[in-house]
Structures are given as structure tokens and as C-alpha cells.
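# Whatever this is, show me its structure:
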Amino acid sequence: MTKKILVLMICLGAGALLTFSLVSVKPDLFSLSGSTWPTLLGDPGRTGFSQVHSPGESRIAWTYTLPQVGTQKGVILGSPAVSDDKVFFGAMDGKVHALDLKTGQELWTFTGQKSFWESSPAVSDGRVYIGCQDNYIYAIDIANGKQVWRYLTGGAIGTSSPVVYDGKVYIGSEDGSVYALDKQTGTLSWKQSLGEKIYSSPAAYKNKIYVGVDSPNDDIYELHALSAANGETIWEVRAESGNKFTASPSVYADIVYIGGSDGKVYAFQYASGNETWTKESNYGITSTPAVAYDRIYVTNWNGHLLSMEKNTGQVYWRYRTGSRVESSPIVAEKKICFGAQNGYFYCIDRGGGLIWKKQVDGEITAAAAASTGMIIVTSHTDAGSTITAFGRYHAE
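Residues are numbered from 1 along each chain as shown. The predicted structure is shown next:
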């Protein structure tokens, strides 16, 4: 195992170029060319990139409202998944919901024992996988919402979202462990205890699993690379005290990207963990960088969307929203899309110009999902939520 200690330094000031020439680079094989968005940020590498057609205006196809019923809150904190002409998501009402992609009509619900918090579903081969506050990860039949299997972890699964990769389901638990389960049977393949809690969602790339970890030492966070086959730690990078790797990493073209609460974006070599570059964004980051062509896109707490060169971290431009942003951006076709806590959803072009924006009900804290011709956005208040489908439906 290779272990590295990363010393974090605060840099003051940041530059931004307002113009640039775009270099065309072949997209990674994980990027989607179809009309599905089967997992958090679209693919196992969490790149947030799809080549599907995306709406060029703020036309709304449908909305779905999940209200509070009695004391049961209808808050949706996770991101939706899209597959087989259905939209899937979990909510604080303790249910997993499936909607018709074309109409927004509810098709079925599945009930867990506690709330589904920020864990976002992953869909593979007719099943939807999702973690729950009741410590279970569930496998559900997408056709009828019936449970196929469930597996009990040692802690709540509040924020970690599963990734399906090479026949296994990988997920982190608040018992500090990463679990690898057979996707067909739910049988445990391996369990690796890494720290105190895992809030990060694993990313998968070239037979490795990448995940952020809250270590047993107070206020110490680490980024781990594990063997997908047996869970062995291949390398780890430790952040200096006070910085947190609670966001999920993204992996693209042999580089692992992650944002820190110190406001920096970090890039590491996927195989060794050697640092490629570090760049200051000036404010804390809890979002996952999106990666498309030769750019990465990241949001920060001060409401900025940054466009950066993926191999050097050079900042090309910033788009300022005027509101805190926690949601991860996605890149659909050639548009960068994200939401802010002021309730606005933004669609930006590759030069940093606004294509369109639209205010929805409540605040937006989760990443959107893309399907051919549509962008699916969740927003919430303290009591309930709305799902807004922008664009026009296109059959798969």
C-alpha cells in the first residue's frame, strides 16, 4: 500500500480568464450516449457528463410534488436516477418512488423502515439499489417496486450512494466501512473498515473504488483507493486537520478529482495517488467536479461555477449566482447545469454565458439528472419537495 500525507496551504487570490479556445478531446468511455442516467452523476466514475441532447430553454414538461403528510416530511435530498423511462428517487417519507418519465405520474412506491436521506439510487439490470437510514441497502424490482433483497450494514446510510460496477454494488456506511455486495443476490463479497464514518459516495474506475473517509482521528479526512476485487487499500491521501473530503470524487482519463472544505480542488493520479495539481476556488466545496472533454466544472459555497483545465487546474472563467451552491454540476450535451439554494436552476454554455435559468419551488441542493431532451431537478423546502422536468420527452 502506498500512503501519502498531503499538506494543505491556503492561497490568497485567484485569477480568471474570460476567453479561451476549446480543445476537443475524446470523451471517456463512462460518459453516456443513451437516454439513461442510472446512477448519481450519471456513470460509475461520477463524471456528471452525458452527450444526450439537453433543453435549450426553460420549458417545463411536468412537475411532481411530494408534500408533508401529518408529521411525515416529503423532503427529497438525493439526486434522481433515470432508466427504462422511469425516474427513481428516495425521500424522507421513508419511501423510494418511481415516476413515469414522460408524464411525471407516480408508478409505485417502496417503503423502508426509516427515511431515505441523501443516498441516491443506482439502477442496473432491472433493479434499483439504494441505501437507507435504517442501515440497510435495498435491491428493488424496477417493474413493480417489490424488494428483491436487502443487506444490513453496521450503520445508517445517510449520504453515501451506491455504485454498480462489474457485478457488484459498492456503498459506504456510517459505521466507517465500504461494502461490496453481489448485485444479484446481495451476498457480501467484502467489507473494508476505513474510519469513523463514510459520507462520500464511491466512484469506480479501472478496477478501483475511490471514496472519501472520516478517519478515527478528530477532524482528519482521507481519500482512499481500494481494490474493487477485495477491498485492499491501494493508496490513501490524508488532508490536513480542518479540511474535509466529504464530497464524492470523480474519475476521468486516469485522474481523480475531489473538492475540499478548504475551497481547493485536488487532482491525483488514479493508480498511485500522486498529486497532479491543486487549485484554489476561494470558498468551500461539497460538490463533485463534473468532467467533460478537456474541462472540469465545480461549484462552491460562494455561488461560483468554475471552469478549469482538467490537466493543470487553470481557471478559465467563473459564473457567479449570488447564492450558496452545494449541488454538483452536470454536463448535458454542451451545457453545464446546476442549481442553487436560491431556487434557481442554471444552464450555462462552455464560454461561461447564461443560456437560461428558472426558479423552482424551494432550494436546490442535489445534482440533476439528464435524459434525452430532458433535465430532471429536485428542490425542497423544510417540509416537502418538487421534481421539475425541463425540456421535452424523447422515447428511448
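# From now on I want contacts and neighbour counts done on CA atoms only, so please keep to that.
Fine.
# Neighbours of Gly167, how many?
12 (other Cα atoms under 10 Å).
# Next one, pLDDT for it please.
We note a pLDDT of 98 for Gly167 in this prediction.
# do the same with Ala16
For Ala16, the predicted pLDDT is 39.
# give the contact list for Asp141.
For Asp141, the contacting residues are 126-128, 147-148, by Cα atoms under 8 Å, 6 or more residues apart in numbering.
# Please list only the buried members of the residues you listed.
Buried members of the contacts of Asp141, scored by 16 or more other Cα atoms under 10 Å, are 127-128, 147.
# if we can go back for a sec, out of the contacts of Asp141, list just those in helices.
Among the contacts of Asp141, no member falls in helices (DSSP state H).
# Strands - which of the residues you listed land there?
127-128, 147-148 (DSSP state E).
# As JSON lines, those residues with distance to Thr286 would be great.
Below are these laid out as JSON lines (distance: Cα to Cα, whole Å):
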{"residue": "Arg127", "distance to Thr286": "29"}
{"residue": "Val128", "distance to Thr286": "25"}
{"residue": "Gln147", "distance to Thr286": "32"}
{"residue": "Val148", "distance to Thr286": "33"}
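# I'd like the residues you listed as CSV, with pLDDT and distance to Thr159 appended.
Formatted as CSV, the ones in strands among the contacts of Asp141 follow (pLDDT from 0 to 100; distance: Cα to Cα, whole Å):
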residue, pLDDT, distance to Thr159
Arg127, 98, 20
Val128, 98, 17
Gln147, 98, 21
Val148, 98, 22
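# and after the helix or strand Leu181 falls within, which helix or strand comes next?
Assigned by DSSP states H and E, Leu181 belongs to strand 177-182. Remark: after strand 177-182, the chain's next helix or strand is strand 188-193, criterion DSSP H and E.
# contact partners of that following strand?
176-182, 230-232.
# ok, which pair from the contacts of Asp141 is furthest apart?
Across the contacts of Asp141, the longest distance by Cα to Cα is 12.0 Å; it joins Gly126 and Gln147.
# how about low-confidence regions in the stretch 201-350 of the chain?
Counting by pLDDT under 70, the ranges of the stretch 201-350 of the chain that qualify are 215-219, 241-243.
# Helices of that one, residue ranges please.
Using DSSP state H, counting those that start in this stretch, no helices are found in the stretch 201-350 of the chain.
# Next, find the distance separating the residue in the chain sticking out farthest from the centre from Met92.
Residue farthest from the centre of the chain, counting by Cα atoms, centre = their mean, is Gly70 at 30.7 Å. Distance of Gly70 to Met92, given as Cα to Cα, to the nearest Å: 13 Å.
# what's the answer for Gly45, then?
27 Å.
# and these two? which has more neighbours close in?
With neighbours defined as other Cα under 10 Å, Gly45 and Met92 compare such that Gly45 has more, 30 against 24.
# rewinding a little: got the CA positions of the strand holding Leu181 in PDB?
C-alpha atoms of strand 177-182 as PDB (Å, rounded to 0.1, in the frame of the first residue of the first chain):
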ATOM      1  CA  SER A 177     -16.900   0.700   6.200                       C
ATOM      2  CA  VAL A 178     -17.200   0.200   2.500                       C
ATOM      3  CA  TYR A 179     -19.300  -2.800   1.500                       C
ATOM      4  CA  ALA A 180     -19.200  -4.800  -1.800                       C
ATOM      5  CA  LEU A 181     -22.200  -6.900  -2.400                       C
ATOM      6  CA  ASP A 182     -23.200  -9.300  -5.200                       C
END
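# Paired strands for that strand, with orientation please.
Strand 177-182 has the following sheet partners, assigned by DSSP bridges: strand 168-172 (antiparallel), strand 188-193 (antiparallel).
# Please work out which of the ones you listed is packed deepest.
strand 168-172 (a mean of 28; mean count of other Cα atoms under 10 Å).
# In the stretch 1-150 of the chain, where is pLDDT below threshold?
1-35.
# All the strands of it, residue numbers only.
Along the stretch 1-150 of the chain, the stretches classed as strands by DSSP state E, counting those that start in this stretch are 2-5, 49-50, 60-66, 81-83, 86-90, 95-100, 106-111, 122-124, 127-131, 136-141, 147-152.
# Adding distance to Ile255, write the contacts of Asp141 out as a markdown table.
Compiled in a markdown table, the contacts of Asp141 are given as follows (distance: Cα to Cα, whole Å):
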| residue | distance to Ile255 |
| --- | --- |
| Gly126 | 31 |
| Arg127 | 30 |
| Val128 | 28 |
| Gln147 | 37 |
| Val148 | 36 |
